[in-house]
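J.: Predicted coordinates and the sequence they were generated for:
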Amino acid sequence: MPQQKNPAEDTVDILVVEDSPIQAEHIKHLLEQNNYSVTVADTGEHALAFLGKRKPALIISDIIMPEMNGFELCRRIKANENSNDIPVILLTTLSDSGDVLEGLACGADNFITKPYSEKYFLKHVEQAIANRALQKSGRANIATEILFWGKRRVITITAEKQQMLTLLISTYEAAVQRNSELLQTQDELRSLNEHLEDLVNQRTAALSTEITERKRAEEVMRESEERYRALFESINDAVFVQYAEGDSSPGCFVQVNNVACQRLGYTREEMLGLTSRDITTPEEYKRLLGKREKFMSKGDIINETVHVTRDGRQIPVESSVRIFNYLGKQAAISISRDITERKQAADREKLARDVLNLMNYSKGASDTVRDILNLVKKNTGFEAVGIRLREGDDFPHYATNGFSDDFVLAERYLCSHNEAGEVLRDAQGKPILECMCGNILCGRTNPTLPFFTEGGSFWTNSTTELLASTTEKDRQGRTRNRCNSEGYESVALIPLRSDSEIIGLLQLNDRRRNQFNPEIIRFFEGLGSSIGIALSRMRAEAAVWGALERLHRVTGSVINVIVMAVESRDYYTAGHQKRVSDLARAIASEMGLPSQQVEGIRIAGVVHDLGKISIPAEILSMPRKLNEIEYNLVKMHSKNGYDILREVDFDWPVAQMVYQHHERLDGSGYPRGLKGDDIILEARIIGVADVVEAMASHRPYRPALGIETALEEIAGQRGVLYDPIAVDACLRLFREKGYQFLKS
């Protein structure tokens, strides 16, 4: 059945019909290397079945195939209205001129003669696809009688005009090429005949015939081997052929191409003494053995693995392996593509995604920087990484990972100092920063030099060679050379930018050479810009939050002063507001409200009786029950508190909480007689806490009623006077979770 491949949306689909696995594999790889999407069918029947499901842009078919030849396949394709517009190229040796007539009769669009060069092959593929748009003028259906090789034949030509022209041109090209080959062959035969004539004079006719046949056979074999070798070596991926000898002892390689030798660092003779076990890691070989049974039963497999070079480097590859018969024995051919760049690109993409996630969700700049360095070191394998950020005039290390303590201490600061210890400054008053780090942070770079980039970065794969081949003038100033003295050969310094300002740098060090390339540096320059913007934002947010925290502390202090002023006028209720505030906070948390809303309820609880400051102290401490006039005066404290607080710009509706905390669900509360949801949730919570605390505490006109009496009150009036959810939360706090009032 066809081996299907899901094509990308921007590629051209091509169906290849070829019963030879090696020829099919070669054509498939050649087309895929030129961005075509390829499906292979090994018989004409399988090809027709595929066309019933999908419609390719082009069909390339061998002529000589079992069961159904290429002419019959083409005839059926052109007879089907759903596929007759698909160009068909036939692969042929063109050894029989009747092939041209058969091609015209079956409607073929083009011939490609074997053997062919890649350039010749791809040219005909491109022409066939390009000419498809021109074949819209109608299909010929011409029956004509011709005399061909002494016989009269009636041929019905189904090809379109463009097809006939293309077919005849390709036939002419093939004929020209064949004629050139024939002329060369004639010269060779003429020379051979002259030689044979000399031999005939010396040997018998029988011996002469035997020698001639032998030489002809050898020539055919040599040409066949040369064609095979040319095909084998033209593949740009590494190709290995080995016998499958046993379950755990693979045979040695019997064929490898030049790409395989160059990639792994062996000569061809050395490679032919190795097995697949010798060019991978023990872990990978064990993993691949686990797939052997499935591979042997299926006959082919595609998987990602690792090749190990002669010097120990590991190269990730994607291998396509297929079982075939080689010189009468079962063998496996493996075509392996180096996917190092693809892997590195995927790793960089994952690193960028992880770093961006950290910057979006991290708690603060310090944690973010440490986590970023951990990710960079883990994903790249660099020995040491660090970030410098501005601190006053200097850019000390903000965090490092992998550098020694001595290195960090010696390189912590970059500012130049005079003998008095003062920071040296330039003509503009800016501090003079030393070393290559200082160059990057001050923008002292020259992109015309190979170790600087247009993005303002520095990188080298050998600090030793750099120092030996450049001057301090080339390096834009005095360098301390501590990286080199510590053995670091590969060094990269990437500026961290926030808009156009450089706020720091990312440093990447490794004692191994050749750890960087331009693509890696460009990646880290892009990442550095994102890190710089994020860190600037975090620092700005930290400054804002610090200011808010200081403001909250000041606000809290002012509120505490007000509370103390209120409670100083009412000895018996001292601590009441704080206890109500704490209970209201606990109820709100138990209800699962957001932390910011809980904080607003706590603040309002602390000042909910602020309005009592305008009520005479003798009324507040009256040792008897208040009369109606006195009680109405006390009830004004909610409105008084609202009037005091309504102009204060809180983050929460504190003034409304104070105003409504004596309202009740049934409208029996005061001062406005609000009902149900007209009372804000925060006020309903404070109201429950206020009742429980007041009943449980001593008052000048009565002793404390106790916490159980208070809880029975809110439970009995649940949903009538008091919010049911707040009541349930309050009951759980006292009866299940052991809540206790704050002590005065």
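T.: Arrived safely.
J.: Confirm S529 sits in a helix?
T.: Yes. Using DSSP: H, G, I helix; E, B strand; the rest coil, the secondary structure at S529 is a helix.
J.: mind listing what it touches?
T.: 496-497 (Cβ atoms under 8 Å, 6 or more residues apart in numbering). Any C-beta I mention is one placed from the backbone N, CA and C, and that applies to glycine too.
J.: Which of the three states applies to the nearest residue to A230 once chain neighbours are set aside?
T.: Excluding the flanking residues, the one nearest A230 by Cβ to Cβ, 6 or more residues apart in numbering is P115, at 7.9 Å. Under three-state DSSP, the three-state class of P115 is coil.
J.: State the number of residues packed around P115.
T.: 12 (other Cβ atoms under 10 Å).
J.: and what of G526?
T.: G526: 14 neighbours (other Cβ under 10 Å).
J.: let's have the chain start at 49 instead
T.: I'll keep to 49 as the first residue from here, and by that count the last item is G574.
J.: Pull the number of nearby residues for the nearest residue to it once chain neighbours are set aside.
T.: Using Cβ to Cβ, 6+ apart and skipping residues adjacent in sequence, the residue nearest G574 is A400, 7.7 Å away. Using other Cβ under 10 Å, A400 has 17 neighbouring residues.
J.: K426 too?
T.: 13.
J.: likewise I371?
T.: By other Cβ under 10 Å, 18 other residues sit near I371.
J.: Now do the SS call for it.
T.: Here I371 is recorded as strand under three-state DSSP.
J.: For the residue lying closest to it once chain neighbours are set aside, give me phi and psi.
T.: In this structure, I371 finds its nearest non-sequential neighbour in G347, 4.7 Å apart by Cβ to Cβ, 6+ apart. Main-chain dihedrals, G347, degrees, to the nearest 10: phi 100, psi -10.
J.: separation between G347 and P69?
T.: According to Cβ to Cβ, to the nearest Å, G347 and P69 sit 9 Å apart.
J.: wait, the residue nearest to A278 sits on R277?
T.: No. P163 is not in contact with R277 according to Cβ atoms under 8 Å; the separation is 11.8 Å.
J.: In the helix or strand that contains R650, which of the residues would be classed as buried?
T.: Taking DSSP states H and E as the definition, one finds R650 inside helix 643-654. Neighbour-count burial for helix 643-654, counted by 16 or more other Cβ atoms under 10 Å, picks out 645-654.
J.: Can you name every helix or strand that that helix contacts?
T.: If you count contacts as 3 or more Cβ pairs under 8 Å, 6 or more residues apart in numbering; DSSP states H and E, helix 643-654 packs onto helix 566-615, helix 624-638, helix 702-708, helix 729-744.
J.: Tell me the helix or strand right after the last one.
T.: In this case it means helix 729-744. helix 755-764.
J.: then that next one to PDB, C-alphas only?
T.: What follows is helix 755-764 as a C-alpha-only set of coordinates in PDB (Å, rounded to 0.1, in the frame of the first residue of the first chain):
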ATOM      1  CA  ILE A 755     -20.800  33.700  73.500                       C
ATOM      2  CA  GLU A 756     -23.400  30.900  73.400                       C
ATOM      3  CA  THR A 757     -26.300  33.400  73.800                       C
ATOM      4  CA  ALA A 758     -24.800  35.500  71.000                       C
ATOM      5  CA  LEU A 759     -24.500  32.500  68.700                       C
ATOM      6  CA  GLU A 760     -28.100  31.400  69.500                       C
ATOM      7  CA  GLU A 761     -29.200  34.900  68.600                       C
ATOM      8  CA  ILE A 762     -27.700  34.900  65.100                       C
ATOM      9  CA  ALA A 763     -28.700  31.300  64.500                       C
ATOM     10  CA  GLY A 764     -32.300  32.100  65.400                       C
END
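J.: tilt between it and helix 729-744?
T.: Going by axes from the mean of the first three to the mean of the last three Cα atoms, to 10 degrees, helix 755-764 is angled at 140 degrees with respect to helix 729-744.
J.: What is helix 755-764 packed up against?
T.: helix 729-744, helix 772-783.
J.: what inclination does it have with respect to helix 772-783?
T.: Interaxial angle of helix 755-764 relative to helix 772-783 (the same axes, to 10 degrees): 160 degrees.
J.: List the buried residues of helix 755-764.
T.: The neighbour-count check on helix 755-764 (16+ other Cβ under 10 Å) flags 755, 758-759, 761-762 as buried.
J.: Ok, stretch 546-554 next?
T.: 546, 550-554.
J.: which other residues reach it?
T.: So stretch 546-554 is contacted by 424, 433-438, 443, 446, 485, 488-491, 504, 541-545, 572, 575-576, 579-581, 583-584 (Cβ under 8 Å, 6+ apart).
J.: any idea how far that stretch is from the chain center?
T.: 25 Å (Cα atoms, centre = their mean, to the nearest Å).
J.: Just list the residues touching I488, thanks.
T.: 504-506, 541-543, 550, 553.
J.: what's the closest of the residues you listed to R694?
T.: I550 (48.3 Å; Cβ to Cβ).
J.: Confirm that closest one sits in a helix?
T.: No. Per three-state DSSP, I550 lies outside any helix segment and is strand.
J.: Low-confidence stretches in the stretch 599-748 of the chain?
T.: Applying pLDDT under 70 to the stretch 599-748 of the chain picks out residues 599-600, 602-622, 665-666, 668-669, 671.
J.: Touching, R528 and C483? I think so.
T.: Yes. Contact criterion Cβ under 8 Å: R528 and C483 qualify, at 4.7 Å.
J.: Of these two, give the one with the bigger neighbour count.
T.: Remark: of R528 and C483, C483 carries more neighbours, 20 against 15, as counted by other Cβ under 10 Å.
J.: Hmm, L462 and the more buried one touching each other?
T.: Yes. Using Cβ under 8 Å, C483 is in contact with L462, at 6.4 Å.
J.: what sits against L121?
T.: 65, 92, 95-96, 109, 113.
J.: any idea which of those is closest to G299?
T.: Distance to G299 across the contacts of L121 (Cβ to Cβ) is lowest for M113, with 31.2 Å.
J.: Next, the nearest residue to that closest one once chain neighbours are set aside: secondary structure please.
T.: Leaving out its chain neighbours, the residue that sits closest to M113 by Cβ to Cβ, 6+ apart is D67, at 4.8 Å. Assigned with three-state DSSP, D67 falls in the coil class.
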